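K.L.:
Just need the structure, nothing else, for what follows:
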Amino acid sequence: MLIAILHYSKPPVIGGVERVIGEQAAALRRLGHEVEILTRSEWRLAEWDAVIVHNVFTMPFDLAWTKELIALTRSRPDIRWINWVHDVRWCDQVPQAVHVAVSEFRKQDYAQVTQEPIHVIPNGCDAGAVLGLTPRVLALKLEEHAGPVLLQPARFVRRKNIEFGLRVLVEIPEALYLVTAAPDPHQKDGMQYFRELQTLAKELGVERRVRFLGLEGALSDDDVRSLYQMTDLLFFPSTQEGYGLPLIEAALHGLPVFCSLIPAHQEVAVGATFFKLTASPKGLARKIKAHLGVRARQSRRQMMMRLSWSRIVHEMLQPLLSGRNDT
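P.N.:
Below you'll find the model as predicted:
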């Protein structure tokens, strides 16, 4: 479809609606539509299949343009007009358009001036841009994973105790376990340890839920920072450490930390949940699932999925553009 998106201003002007229309246009383009964002000075009547009007029908900043567009909704019914309502401060006329409110509250507000159906479509959010996620971490699509996501930044060294993480994974069937390292071909025991972990994961039936990310190439510092943003807890079960830098990094990212009760961890960890190396995987799994911080991080990822522009445009906006969901 050939789609115009109209507003009083557009990116790179900074503003909430400006960001929304930029991200909305990008999502529509990813689905194969041709999209132009136009302001008053750029507006032209062309062979548009659809025109999405953000706030111009309901705000008094350029009433001559508002009235011109309202008249066009009546004289050009061949165009699919979408009235996208963020704010309501002018309601002298109601356009002949498909009405979209950005929230239930705004729907109730706009329902005072029209008896026509009003659809609620929330403004999306480009979480990847907001959080500065790298393409590599974006490609993991962790926001689509329903269960908890455990992160262990670690090399394949036996003292990292990765096998304990695999046993905890058994007790959380919906969980995903991300380990950042790849085996070092120059470290014989590291390669052997990796093969043992692969065998154990298969024996435990969790091989599909553990990802050794380094196998796909070394991760950058930015990739690791992105993982701190997109996972639900740092899991660090080392049997011995001299310090434990990931405990500090995770705390700075607000990531809940579960770590072994060893001297170095006790010295550096901030707000961590400690567990003994002899802890029961089942008991530790219960603590992870019940932890309020972990659950909050899961809810955060669910919000990212719910407000993904790709999902919103595909599931909610495209049916309106095609006329499949008018009522």
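K.L.:
what's the spacing between the residue of the chain most remote from its centre and Met1?
P.N.:
For the chain, the largest distance from the centre (Cα atoms, centre = their mean) belongs to Ser75, which lies 40.5 Å off. To Met1, Ser75 is 20 Å away according to Cβ to Cβ, to the nearest Å. (Glycine included, C-beta is placed from N, CA and C.)
K.L.:
Please apply the same query to Thr278.
P.N.:
With Cβ to Cβ as the criterion, Thr278 and Met1 are 62 Å apart.
K.L.:
Those two: which is more packed in?
P.N.:
Shown here are Thr278 and Met1; by other Cβ atoms under 10 Å, Met1 has more neighbours (15 against 6).
K.L.:
who's in contact with that one?
P.N.:
Residues near Met1 by Cβ atoms under 8 Å, 6 or more residues apart in numbering: 33-34, 49-50, 321.
K.L.:
Identify the nearest residue to it in space, disregarding sequence-adjacent positions?
P.N.:
Leaving out its chain neighbours, the residue that sits closest to Met1 by Cβ to Cβ, 6 or more residues apart in numbering is Asp49, at 4.1 Å.
K.L.:
and the one you found, what does it touch?
P.N.:
Residues near Asp49 by Cβ under 8 Å, 6+ apart: 1-3, 79-80, 321.
K.L.:
Relative to Ala4, how far out is Asn55?
P.N.:
Distance of Asn55 to Ala4, given as Cβ to Cβ: 15 Å.
K.L.:
what do you get for Ala272?
P.N.:
Counting by Cβ to Cβ - Ala272 and Ala4 are separated by 53 Å.
K.L.:
With Gly254 instead?
P.N.:
Noted for Gly254: a distance of 41 Å to Ala4, by Cβ to Cβ.
K.L.:
So which of the two has more stuff around it?
P.N.:
Ala4 (22 against 13).
K.L.:
That one and Trp48 touch, don't they?
P.N.:
Yes. In this structure, Ala4 is within contact of Trp48 by Cβ atoms under 8 Å, at 5.0 Å.
K.L.:
which stretches of the stretch 1-150 of the chain form strands?
P.N.:
According to DSSP state E, counting those that start in this stretch, the stretch 1-150 of the chain carries its strands in the segments 2-6, 34-38, 50-54, 80-85, 98-101, 118-120, 149-152.
K.L.:
Dump those into CSV; add distance to Leu204 and mean pLDDT as well.
P.N.:
Below are these laid out as CSV (distance: least, Cβ to Cβ, whole Å; pLDDT from 0 to 100):
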stretch, distance to Leu204, mean pLDDT
strand 2-6, 50, 98
strand 34-38, 48, 98
strand 50-54, 51, 98
strand 80-85, 50, 98
strand 98-101, 49, 98
strand 118-120, 45, 97
strand 149-152, 15, 98
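K.L.:
List buried residues within the contacts of Met1.
P.N.:
Taking 16 or more other Cβ atoms under 10 Å as the criterion, what is buried in the contacts of Met1 is 33, 50, 321.
K.L.:
so what's the closest residue to the last one other than its chain neighbours bridging to?
P.N.:
Put plainly, it is Leu321. Nearest residue to Leu321, sequence neighbours excluded (Cβ to Cβ, 6+ apart): Ala50, at 5.1 Å. Assessed by DSSP bridges, Ala50 has beta-bridge partners Ile3, Arg80.
K.L.:
so what's Ala50 up against?
P.N.:
Neighbours of Ala50 in contact, by Cβ under 8 Å, 6+ apart: 1-4, 79-82, 321.
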